[in-house]
Each structure stands twice: as structure tokens, then as C-alpha cells.
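K.L.:
Structure for the following, please:
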Amino acid sequence: MIVEKVLYNIKDRELNKLEADFVDIEWYEVNKKILHKISSNGVEVGIRNSEGETLKEGDVLWQEGDKVLIVRIPYCDCIVLKPQNMYEMGKSCYEIGNRHAPLFIEGDELMTPYDEPLMQALVKCGLSPYKKSCKLTTPLGGNPHGHYHSHSH
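P.N.:
Below is the predicted model:
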């Protein structure tokens, strides 16, 4: 199956009586122009994103009758911070940004993909990061992508 656009998002409609199949799209793949995936039901899916649209959790890529194919962002290991004040917020964002790591926000939590050297650097700075399995769905600024690295300045 080839998919070229998002039809709608399940948060916008009721899914009663629909038979859902899911295609897992990693957080760093949501902006890719071409993807080849296999759905949870074993269907080969080609996604051609010529519009450059960011895929989101719950996007319906295909529907025929009562069957739908839905984007699912899988959980991954993350570093999570809950800044207690503006200083901690600034320090957290600075340290994560200084390493060019992607930053996500959900409620009062800042999240970035797990990286042991970054975790240690955040602890060394006096912050209280912890490891947690999360869905990285809400990037804070910029586009989420798979390229990040650690370095010192």
C-alpha cells in the first residue's frame, strides 16, 4: 500500500466500529519524505510525504470501509526533567540545546531521547534528570529529527 497524505486524526473523530491497524513511526521519522514500514497486521506500507507534513500520533493514513491505518509513535527511553523554577528551566534547555539534542515538552516535563553522557552532564549541573519511557510527540521548537550529537565547546 502507498500512502501520500494524512486523511484525518483520530482525535478529531470517533473510531467506534472501525478496525484499526497501526504503523509505528519513530519520533525521528515523523518528517521523513519517504518511509517503508510494516503495520502491526503485517501490511507493507510506503509513505510518500511530498508535502513535508509532520506525521502525528493518531493520524489516519488510509481508510477503506471500516478499516483504518493509524500512525502510532512508539515509546522510547528518555531523559526527563521537571524544572522547579526558571533557573532550572533555563539551565535544562541550555544544556540540552548545547548538545544539539532534540527537546520535547509534555505538561511540566522536558524530555529528550536517552543519552548517558547527557544524563551525567545534567546531573553534574545540579539538575535532577531521570530515565522514563515516553512518547516523544510534542517537539519544543524546530523540527524533530534523528541527528543529534554530543560535543563540548
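K.L.:
what about the protein, any weak spots by pLDDT?
P.N.:
15, 141-153 (pLDDT under 70).
K.L.:
domain assignment for the protein?
P.N.:
Using automatic domain parsing, the domains assigned to the chain come out as 2-72, 76-134.
K.L.:
Which parts of this protein are strands?
P.N.:
Secondary structure of the chain (DSSP state E): strands at 2-3, 8-9, 19-24, 34-38, 44-48, 59-64, 67-72, 76-81, 104-106, 109-113, 130-134.
K.L.:
which phi and psi does the nearest residue to residue 60 once chain neighbours are set aside have?
P.N.:
Nearest residue to residue 60, sequence neighbours excluded (C-beta to C-beta, 6 or more residues apart in numbering): residue 7, at 4.7 Å. The C-beta positions use only the backbone N, C-alpha and C, and glycine is treated the same way. The phi/psi pair for residue 7 (degrees, to the nearest 10) reads phi -80, psi -50.
K.L.:
what number of residues lie near residue 7?
P.N.:
Other residues lying near residue 7 total 13 when counted by other C-beta atoms under 10 Å.
K.L.:
wait, what's in contact with it?
P.N.:
Residues near residue 7 by C-beta atoms under 8 Å, 6 or more residues apart in numbering: 59, 60, 61, 62, 63.
K.L.:
go with 10 Å
P.N.:
13, 59, 60, 61, 62, 63, 68, 69 (C-beta atoms under 10 Å, 6 or more residues apart in numbering).
K.L.:
how near is the second one to residue 78?
P.N.:
Computed as C-beta to C-beta, to the nearest Å, the residue 59 to residue 78 distance reads 22 Å.
K.L.:
Same check on the first one?
P.N.:
Plainly put, residue 13 is 29 Å away from residue 78 if you go by C-beta to C-beta.
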